[in-house]
Every structure is written in C-alpha cells, then in structure tokens.
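# Quick one, structure for this:
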Amino acid sequence: MACVWKIILLSIFIVSGRSNVLKGYFWHISDLHWDPSYDIGSNLASKCASSGGRPTPNAGRFGDYSCDSPWTLINSTMSAMREILPDPDFIIWTGDDTPHVPDEQLGVEPVLRIISNLTHIIKSTFPNTKVYSAMGNHDYHPKNQMPPEKSNIYEQTANLWHDWLHAASKETFKIGGYYTEKLLNQTGFRVVVLNTNLYYDQNKLTENIKDPADQLSWADKVLQDAAKNNEKVYIIGHVPPGFFEKKRDKAWFRKEFNKRYIDLIQKHSAVIQGQFFGHHHTDSFRMFYSSKGSPISAMFLTPGVTPWTTLPGVIDGGNNPGIRIFEYDTKTLLIKDILTYYLNLTYANKVYERWEKEYRLTEAFRVPDASPASMHRVMERITSDKCYLQKYFEFNSVNYDLTECHADCRVDHVCAMREVDFEAYEKCVVKEGGSSTAPVLFTLLLSLMLSLLCLS
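Okay, the predicted model is just below:
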C-alpha cells in the first residue's frame with residue numbers, strides 16, 4: 001500500500017473542514033466490476049476474461065484499460081478511501097460488482113461470491129460506517145434480468161447486507177431490490193434506494209409490465225409521506241434515466257419508464273435534494289426541470305472504479321479509476337461540493353499507485369455549491385464556453401481521454417446533460433447540431449482563438 005504525502009495533505013483540508021457542524025461528507029463508489037480471472041502472470045495474450053479475448057500487453061499490477069478491476073485495484077481503492085476520508089458519515093455504493101463476461105462464465109454462486117467479497121472488504125475498511133447500497137444490472141444471473149418479484153439473489157444479497165439494512169428494508173428488498181430508510185436514523189432525512197434495473201431496456205422480464213415490483217407506486221407513496229413529514233430525500237440507483245453521453249441516442253430505460261421517472265422527480269422535487277447513480281463508468285450529471293423550465297433537481301453520475309474500455313458503441317471509451325466525496329449541509333442535505341479522486345492507471349502500473357485529487361466542483365466550474373441552480377449554471381458554461389467544455393470532457397473519462405471534444409462530441413454531452421426526456425433530447429440534438437453552420441474558416445479561427453485562451 002502506497003501512503004504518499006500528497007494524499008495525506010489532501011486529506012487534511014477535508015478533515016479540518018469538519019469542524020464546521022453544518023458540513024458532512026460521504027463517499028460514493030460505483031462499478032467496481034471485480035474480475036477474479038485477472039492474472040498478469042498468465043502466459044495467455046489476454047490477462048483477464050473481461051477483455052473479450054483482446055490482447056493486453058500492458059496489463060499491470062493495478063489493471064488494464066481492456067479489463068475490469070483486479071483485486072489489487074479494489075484493495076487500492078479501499079485503502080485510498082480510508083486514507084483520504086477515514087470517517088465518512090456514510091457511503092453510497094451503486095452496484096455493478098461482477099466482470100463483463102458472458103453469462104456462461106458466471107452463475108448464481110459466482111455472482112453472490114463476488115458481491116460477498118466486495119461487501120466484506122467495504123465492511124472491513126469501514127466497520128462503523130453505514131452503507132446505502134443499490135444493485136447493478138451486473139449483480140444478477142443472468143445479467144440484466146432482474147425479476148419484478150422475490151428471488152434467491154435478492155434474498156441472499158439482503159442477507160449479505162444484513163448489517164446495513166433495517167428490518168423493513170429487507171422486506172421490500174427481497175420483493176424487488178429496493179428500500180427506504182431514514183438517513184442515519186435522523187428525523188427529517190430519508191434515503192430512497194431504487195432498483196432501476198427493472199426499467200433497463202435489456203431486461204426481458206419487465207418488458208410488458210406497467211410497474212415492475214410496484215416500485216414506482218411505492219416510491220410515489222414514500223415521497224408523498226416524506227413531504228407530509230417535512231423530510232428531505234436522497235435518491236440512489238444504478239441505471240440512470242436519459243441518454244449515454246458517449247453514444248448518441250443511447251438510452252437505458254424503456255421509454256414509458258423514462259417518462260414515469262421524470263414525472264416522479266417533477267412531482268416530488270421539493271423534497272429531493274440529490275440523485276446518485278452510476279452505470280456509465282463516466283463522470284457526468286443530468287438536469288431535471290419544472291414544466292416552466294426552472295432547474296429543480298440534479299442527478300450525479302459517479303465514475304467507475306473499473307477502467308474497462310469496451311463501453312457499447314464507443315471507441316476506446318475507458319476511464320481511469322475514480323471515487324468521489326460529496327460535501328453536504330447536515331441541516332438541509334443540500335450538496336455543497338463534490339471532490340473527485342482518481343488513480344492514473346498507466347502511472348500506477350509503471351511507477352507506483354498514487355490516488356490524487358482530480359478536481360473540486362466549485363473550483364473547477366466557479367459555482368457556490370452543487371444545487372440544481374448551480375448545476376444548471378455549470379451546464380450553461382459547458383454549453384457556451386469551449387474551455388469549460390474541454391475541462392468537463394476530460395473529467396468525464398477521469399483524465400483518460402484527453403483528445404479535443406469536437407462539435408459532435410459537444411452535442412452528445414450537452415444534450416445528454418440537459419434533456420432526460422426522449423423527445424426533448426431528440427430536439428436538442430437537432431437544435432445543437434444545426435447551430436454549427438458557420439463558415440468553415442470562421443469556425444477554425446474561432447476554435448484557434450478559444451484554444452489559445454484555454455492555454456492562457
């Protein structure tokens with residue numbers, strides 16, 4: 001384990017900030033995707049099953065961009081979390097634990113064993129910390145096929161998370177993989193953990209069901225009760241609504257579920273203080289607006305720990321391993337700031353492991369906090385300013401893809417952030433794509449001027 005001075009110094013300002021009783025801190029980790037087959041000592045060209053047979057000549061101790069996470073990366077992640085923020089108020093863990101391999105290479109028992117091992121290392125690293133954990137689409141066998149009813153994997157996972165779940169939480173979890181609890185047992189604060197894998201367009205079991213496992217009706221009732229009880233709520237899940245920013249027109253939810261989710265957020269935005277999801281492996285966010293166009297909620301998409309590059313339809317779509325701290329107001333649950341840390345995988349394999357601060361949201365985008373109004377301002381800056389666009393683009397892959405975000409790239413990212421609704425997204429793509437009709441020479445000159453400004 002590398003315990004470097006830079007990590008320690010970065011930790012000091014976090015811990016010292018905790019003297020302010022209005023500030024709290026929690027970790028959000030996602031998409032660990034542990035690949036037990038990873039073996040740099042293998043004589044095979046591919047050092048892991050998750051590479052899909054592609055050669056991995058640069059595979060090193062902490063992983064490879066063509067592979068899912070080796071155990072050394074999982075262990076390094078936990079060690080870094082403990083060094084940076086050893087006493088978080090709680091942890092959000094948004095699933096996807098198993099490797100990207102065909103179903104025939106896994107099975108019910110291997111899936112549960114992987115969930116068990118990751119649960120164990122989190123518990124061992126943070127034995128006194130509450131964890132709010134959601135299942136990912138890869139946390140089931142067969143993958144993606146989450147049933148809208150009781151199942152053995154739901155029950156066994158609930159047993160693995162016994163120390164983290166209240167009795168009532170276990171009951172709804174066993175029914176459909178979702179639950180709600182008071183946040184840290186505090187009056188006025190609530191967590192709603194959803195199984196959005198039920199809405200995934202790859203889930204054949206829920207294709208013709210209006211409300212799988214009655215989760216939407218249940219969530220509506222929970223949020224109604226939260227309003228009556230003057231509670232503020234965090235919503236947690238794995239598969240997000242809307243579109244994947246690295247591939248145009250790639251949505252995850254079925255259309256009808258996507259609309260119902262948006263309706264749920266709009267209806268209950270007064271009590272919702274944050275939405276926390278994973279699945280993309282990338283660093284991004286999604287905006288939700290009222291019928292009048294006012295920003296009412298922000299969904300934060302936390303980057304994955306796995307560096308795996310083979311995201312669907314994306315050329316070289318990997319990322320450096322990332323983890324995230326949220327700073328929040330302990331009186332209101334308002335998200336005050338976001339700090340993202342990462343491991344440069346190439347450097348770690350060649351020199352030594354060095355988890356470092358990638359960026360702080362308020363510093364990088366010059367906003368006072370991470371409220372919906374501020375995140376709308378971030379989105380506007382990314383939309384209109386090439387320097388902010390490029391900065392966001394590099395953060396998106398956790399400093400893995402440092403190429404220029406060109407015109408089509410801009411459209412994909414901006415429209416995915418701005419429009420979660422299907423029809424609105426399509427209109428955004430047409431509008432934003434059609435706006436770049438300036439003469440070629442003018443566009444090139446403008447691009448050159450902006451590039452010089454970014455470097456200054």
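
# Skipping its backbone neighbours, what lies nearest residue 259 in space?
residue 421 (7.1 Å; C-beta to C-beta, 6 or more residues apart in numbering). Heads up, the C-betas are built off the backbone N, CA and C, glycines and all.

# As a check, name the ranges of all strands in the stretch 1-150 of the chain.
Secondary structure of the stretch 1-150 of the chain by DSSP state E, counting those that start in this stretch: the strands cover 23-29, 90-93, 130-133.

# next one: the longest one to chain centre, how far?
When C-alpha coordinates are averaged (C-alpha atoms, centre = their mean, to the nearest Å), strand 23-29 and its chain have centres 14 Å apart.

# for this protein, which spans come out with low pLDDT?
1-21, 310, 312, 434-456 (pLDDT under 70).

# ok, 50 please
Across the chain, the ranges flagged by pLDDT under 50 are 1-19, 434-456.

# for it, longest helix please?
helix 108-125 (DSSP state H).

# residues touching residue 185, list them.
By C-beta atoms under 8 Å, 6 or more residues apart in numbering, residue 185 lies in contact with nothing.

# Next, the buried residues of stretch 113-125.
By neighbour count on 16 or more other C-beta atoms under 10 Å, the buried set for stretch 113-125 is 114-115, 117-119, 121-123, 125.

# How far away from the center of its chain is that stretch?
19 Å.

# any idea how far the closest residue to residue 118 other than its chain neighbours lies from residue 108?
Leaving aside its sequence neighbours, residue 118 sits nearest to residue 97 (C-beta to C-beta, 6+ apart; 5.2 Å). To residue 108, residue 97 is 14 Å away according to C-beta to C-beta, to the nearest Å.

# Between the two, which has more neighbouring residues?
residue 97 (25 against 14; other C-beta atoms under 10 Å).

# The more buried one and residue 269: what is the separation?
31 Å.

# re the thing from before, could you list which residues are in contact with the residue nearest to residue 259?
258-259, 262.

# Show me the helices in this structure, by range?
Counting by DSSP H, the helices of the chain are 5-17, 71-84, 108-125, 152-160, 167-176, 215-228, 255-268, 345-350, 361-365, 372-384, 386-396, 407-418, 422-434, 440-455.

# Can I get those in CSV including distance to residue 285?
Formatted as CSV, the helices of the chain follow (distance: least, C-beta to C-beta, whole Å):
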stretch, distance to residue 285
helix 5-17, 22
helix 71-84, 22
helix 108-125, 25
helix 152-160, 28
helix 167-176, 27
helix 215-228, 21
helix 255-268, 14
helix 345-350, 24
helix 361-365, 10
helix 372-384, 6
helix 386-396, 10
helix 407-418, 6
helix 422-434, 15
helix 440-455, 22
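
# Quick one, which of those helices gets closest to residue 204.
If you check each of those against residue 204 by C-beta to C-beta, helix 255-268 wins as the nearest, at 14.1 Å.

# by contact count, what packs against that closest one?
helix 215-228, strand 284-289, strand 295-301, helix 422-434 (3 or more C-beta pairs under 8 Å, 6 or more residues apart in numbering; DSSP states H and E).

# Show me how far it is from its chain's centre.
19 Å.

# Can you list the buried residues in that helix?
Buried-residue list, helix 255-268, by 16+ other C-beta under 10 Å: 257-262, 264-265, 268.

# Against residue 421, how distant is residue 243?
Here the criterion is C-beta to C-beta. By it, residue 243 lies 10 Å from residue 421.
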